[in-house]
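K.L.:
sequence? don't have it. structure:
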């Protein structure tokens with residue numbers, strides 16, 4: 001029988017997602033095949049852009065803190081969210097975060113009282129046009145107090161020590177069990193451990209030999225081990241049950257974590273919710289989707305029949321290899337270093353590594369078969385979709401999302417380094433899983449790439465709308481089309497400021513900048529509407545060396561892996577997009593099921609002219625044959641750093657290795673012009689520019705000077721080419737000159753803030769000069785629509801007249817006011833008398849010049865700015881360049897009163913409030929954040 005690679009082909013097909021390659025099985029986008037009529041003036045896509053549907057608006061994770069709920073408060077918060085432009089909520093019961101609970105009792109999960117509150121939320125959401133999801137259970141991973149012992153998460157792990165014979169060693173069992181106990185973040189107090197087996201292995205091993213089972217005799221709490229002559233490693237294999245507790249579980253849904261490898265336990269857990277909750281929802285619209293949050297199973301790897309299941313799938317016994325594969329578990333399932341283990345080398349090292357690959361692949365298959373697929377089936381059976389964050393050690397990072405209706409990823413909001421603003425080029429907001437999840441959505445014909453977005457544990461209370469926008473734009477660049485904000489805290493208004501805070505960016509009506517949140521929400525909704533309802537484009541496929549990583553190290557903890565393999569692996573897709581191409585990630589199973597035709601590798605509706613393999617050495621023979629077919633059809637194959645030379649897994653390894661080596665050699669000999677071996681990159685942006693030139697890869701967007709701060713994605717309809725272009729620098733204004741050789745029609749800029757569109761001016765050679773101030777994006781749409789105004793030009797950054805000498809009124813969030821006079825502008829956080837300020841700053845100055853200045857440039861502003869001139873509002877700026885056009889009649893007026901109102905964040909105030917425990921919890925470790933208008937303020 002042929003060896004299986006990654007997830008087995010059987011498991012992959014069984015999900016029901018994969019159909020005949022090259023045949024579209026699901027219409028993913030409304031406008032992918034629809035022709036809009038330019039002659040009639042009808043443009044459904046533009047109409048959608050102007051008035052996005054609720055499904056395109058941002059959703060929020062609605063933390064029901066401690067389930068301290070009332071009908072009145074649920075309705076009030078739904079009204080707040082509706083008014084702010086939020087289109088949907090994910091009901092998320094979670095542990096109470098602490099603070100004054102106002103004497104409100106907690107409702108128990110799935111109790112009749114709690115179910116009534118769910119019905120209230122569904123009724124209220126339906127009346128307001130808000131879409132509802134709900135998490136299954138509470139917190140993460142799934143678990144509950146009612147689970148029996150065998151239904152709780154299980155781990156097979158080791159304790160080991162160096163021993164010397166000949167002689168007998170008396171060991172205390174409790175010490176062995178304690179040594180093997182996992183050192184994890186969320187341990188469960190009711191965990192139990194048992195000694196699974198004892199065995200001896202040599203200190204060093206070059207040729208594999210199974211560890212020797214140790215005859216031992218039990219004497220109460222001790223075991224006596226007979227050790228032969230010589231030095232050995234004594235391995236104690238320990239089985240731990242119920243070792244992990246649900247993280248932040250609400251009352252009734254806390255307790256031990258579910259054994260996701262146990263199908264009977266999974267069914268019991270899911271049916272407990274559906275049997276008790278769903279019948280009560282009759283007559284209500286119900287939920288769109290049931291949600292499964294991060295798995296984070298802390299290394300769980302076992303169930304009662306795992307050895308038999310492994311033998312059935314892999315055709316050999318894994319037990320002799322377990323002492324050399326398993327490791328002591330630390331935080332988030334990571335291996336604890338420094339324990340005594342056998343030093344392996346030579347053929348023994350390779351054999352154990354191949355068995356390690358098979359062990360972890362089997363874990364992924366079992367958990368997919370017994371949890372992930374049944375979860376989606378359970379959701380669909382009851383009329384709901386599944387929404388899952390299907391990544392981590394337990395899942396194939398790409399293929400697991402095929403089994404989910406709405407796959408989800410994560411984008412985080414980070415703090416800066418030292419006193420510097422956070423650099424989104426060096427440390428982007430999107431996580432490494434985003435591209436995997438987005439690619440899975442594209443490949444499987446879905447349209448919603450959901451994202452837990454603006455996840456925030458490091459700059460709580462100090463997130464600005466500008467940071468939220470830039471990070472959210474990056475999220476869209478990574479493929480996201482559907483934002484679930486992290487999050488909205490259930491918190492009655494009577495709660496002492498700042499309210500009940502579980503996590504997250506302070507999306508709350510008590511936040512100073514909340515009145516402006518709807519501006520970002522409207523912008524985000526328009527971007528999402530376009531990305532959801534058009535066809536994403538990619539011309540390059542990228543394959544990661546997953547089999548090599550699993551063989552040598554095992555899977556990693558996504559989305560924050562403990563190692564990168566190779567180090568540059570997640571920078572390649574960025575460089576591809578920054579240089580004017582687009583890519584999807586792919587896998588061996590996808591490649592094997594693709595059709596090679598006319599120089600393209602085709603899978604369902606996706607097709608690629610180039611396939612890049614990143615440091616891939618391990619490849620299944622079937623995948624090597626698929627590469628041969630692609631090269632034969634005229635496709636380009638790029639090996640970076642290394643090239644395939646072996647097969648995965650233990651069974652039939654020599655035969656399969658030879659097949660891979662021979663196929664790759666034949667392919668290089670027969671199609672030398674299609675195969676490229678490229679050195680591994682140093683600086684990746686310029687590296688891929690050279691790859692384009694060396695391999696003849698033509699970008700669809702020709703950028704004169706690619707920048708690490710500017711990236712793009714391309715979408716299409718039957719008649720339009722759409723480019724979303726972003727500058728995510730917080731300080732640098734970047735202008736690029738770009739040509740779009742494949743684009744059809746005239747270039748328009750669709751303004752996602754206003755819903756308007758303007759003609760984008762072109763140079764004589766049809767190149768576009770695209771101005772990108774800090775944190776700014778452009779949605780450029782090429783189509784045949786013929787009428788409209790040209791986009792107004794803005795002035796360059798030049799000296800002009802600098803304005804100094806300001807009066808300032810400080811309206812503090814605590815209700816106090818203060819007046820100051822400042823000859824020069826400064827950052828309020830640098831002065832001890834103003835660093836605790838939060839609220840609204842009003843800067844005022846009299847202008848006497850009647851010269852024809854048409855623009856006011858505020859320079860650097862930390863916060864949201866609003867400008868009035870002689871009492872006439874000039875607008876509001878919440879990100880990027882704070883530049884205001886001065887109307888002609890005001891420009892000519894001789895005496896003018898200029899007022900600039902800046903709304904700040906609340907973080908510095910909470911940091912300066914030692915008695916505010918909630919504020920201190922989140923801000924104590926943060927630096928003082930810059931506040932106010934720093935300028936220079938200039939008339940241009």
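P.N.:
Great, that's in hand. Fair warning: this is a prediction, and the values are worked out from it, not measured in the lab. Numbering: from 1, shown residues only.

K.L.:
and the residue positioned nearest the centre of the chain, how close does it get to residue 262?
P.N.:
In the chain, the C-alpha nearest the mean C-alpha coordinate belongs to residue 410, at 2.0 Å (C-alpha atoms, centre = their mean). For residue 410, the distance to residue 262 equals 27 Å [C-beta to C-beta, to the nearest Å]. Placement of C-beta: from N, CA and C, glycine included.

K.L.:
how close does the residue nearest to the centre of the chain get to residue 437?
P.N.:
Between residue 410 and residue 437 the distance is 9 Å, computed by C-beta to C-beta.

K.L.:
what does residue 516 give?
P.N.:
Counting by C-beta to C-beta, the gap from residue 516 to residue 437 is 30 Å.

K.L.:
what do you get for residue 358?
P.N.:
Distance, residue 358 to residue 437, by C-beta to C-beta: 26 Å.

K.L.:
compare these two (neighbour count), which wins?
P.N.:
residue 437 (31 against 26; other C-beta atoms under 10 Å).

K.L.:
surely the more buried one and residue 408 touch.
P.N.:
Yes - with contact defined as C-beta atoms under 8 Å, residue 437 and residue 408 form a contacting pair (6.9 Å).

K.L.:
the stretch 601-750 of the chain: strands as residue ranges?
P.N.:
With DSSP state E, counting those that start in this stretch as the criterion, the stretch 601-750 of the chain has strands at 606-608, 610-614, 636-640, 675-678, 702-703, 710-716, 721-727, 734-739, 746-750.

K.L.:
turn these into JSON lines, including mean neighbour count and distance to residue 171.
P.N.:
Formatted as JSON lines, the entries for the strands of the stretch 601-750 of the chain read as follows, by neighbours: other C-beta atoms under 10 Å; distance: least, C-beta to C-beta, whole Å:
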{"stretch": "strand 606-608", "mean neighbour count": "23", "distance to residue 171": "57"}
{"stretch": "strand 610-614", "mean neighbour count": "24", "distance to residue 171": "46"}
{"stretch": "strand 636-640", "mean neighbour count": "22", "distance to residue 171": "50"}
{"stretch": "strand 675-678", "mean neighbour count": "16", "distance to residue 171": "54"}
{"stretch": "strand 702-703", "mean neighbour count": "16", "distance to residue 171": "66"}
{"stretch": "strand 710-716", "mean neighbour count": "23", "distance to residue 171": "58"}
{"stretch": "strand 721-727", "mean neighbour count": "24", "distance to residue 171": "60"}
{"stretch": "strand 734-739", "mean neighbour count": "17", "distance to residue 171": "65"}
{"stretch": "strand 746-750", "mean neighbour count": "20", "distance to residue 171": "71"}
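
K.L.:
which of those sits closest to residue 335?
P.N.:
Closest approach to residue 335 among these is made by strand 610-614 (23.7 Å; C-beta to C-beta).

K.L.:
quick one: the strands in the stretch 1-150 of the chain?
P.N.:
If DSSP E, counting those that start in this stretch is used as the criterion, the strands of the stretch 1-150 of the chain fall at 59-65, 88-94, 131-135.

K.L.:
for the ones you listed, which one ends up most surrounded?
P.N.:
strand 59-65 (a mean of 28; mean count of other C-beta atoms under 10 Å).

K.L.:
run through the neighbouring helices and strands of it.
P.N.:
Other helices and strands packing on strand 59-65, by 3 or more C-beta pairs under 8 Å, 6 or more residues apart in numbering; DSSP states H and E, are helix 71-83, strand 88-94, strand 482-489.

K.L.:
TSV please, covering those and showing mean pLDDT.
P.N.:
Shown next, in TSV, are the helices and strands packed on strand 59-65 (pLDDT from 0 to 100):
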stretch	mean pLDDT
helix 71-83	98
strand 88-94	98
strand 482-489	97
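
K.L.:
using JSON lines, please lay out these together with distance to residue 466.
P.N.:
Formatted as JSON lines, the entries for these read as follows, by distance: least, C-beta to C-beta, whole Å:
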{"stretch": "helix 71-83", "distance to residue 466": "22"}
{"stretch": "strand 88-94", "distance to residue 466": "24"}
{"stretch": "strand 482-489", "distance to residue 466": "16"}
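
K.L.:
with residue 678 as the reference, name the closest of those.
P.N.:
Between the helices and strands packed on strand 59-65, strand 482-489 lies closest to residue 678; by C-beta to C-beta that is 35.2 Å.

K.L.:
now the angle from the closest one to strand 59-65?
P.N.:
30 degrees (axes from the mean of the first three to the mean of the last three C-alpha atoms, to 10 degrees).

K.L.:
residues in contact with strand 482-489?
P.N.:
Residues outside strand 482-489 that contact it (C-beta atoms under 8 Å, 6 or more residues apart in numbering) are 55, 58-63, 65, 77, 81, 86, 89-90, 92, 406, 408, 448-456, 472, 475, 499-505, 507-508, 524, 528, 532.

K.L.:
tell me what angle that strand forms with strand 88-94.
P.N.:
With the same axes, to 10 degrees applied, the angle from strand 482-489 to strand 88-94 works out at 50 degrees.

K.L.:
of all the residues in strand 482-489, which ones are buried?
P.N.:
482-489 (16 or more other C-beta atoms under 10 Å).

K.L.:
tell me which of those is nearest to residue 633?
P.N.:
Scanning those for proximity to residue 633, where the rule is C-beta to C-beta, the winner is residue 482, at 34.9 Å.

K.L.:
hey, what's that closest one bridged with?
P.N.:
With DSSP bridges as the criterion, residue 482 is bridged to residue 450.

K.L.:
any idea how far residue 592 is from it?
P.N.:
Separation of residue 482 from residue 592 (C-beta to C-beta): 30 Å.

K.L.:
same check on residue 70?
P.N.:
Counting by C-beta to C-beta, the gap from residue 70 to residue 592 is 55 Å.

K.L.:
how about the helices in the stretch 251-400 of the chain?
P.N.:
In the stretch 251-400 of the chain, the segments counted as helices under DSSP state H, counting those that start in this stretch are 263-277, 306-314, 322-325, 346-367, 373-381.
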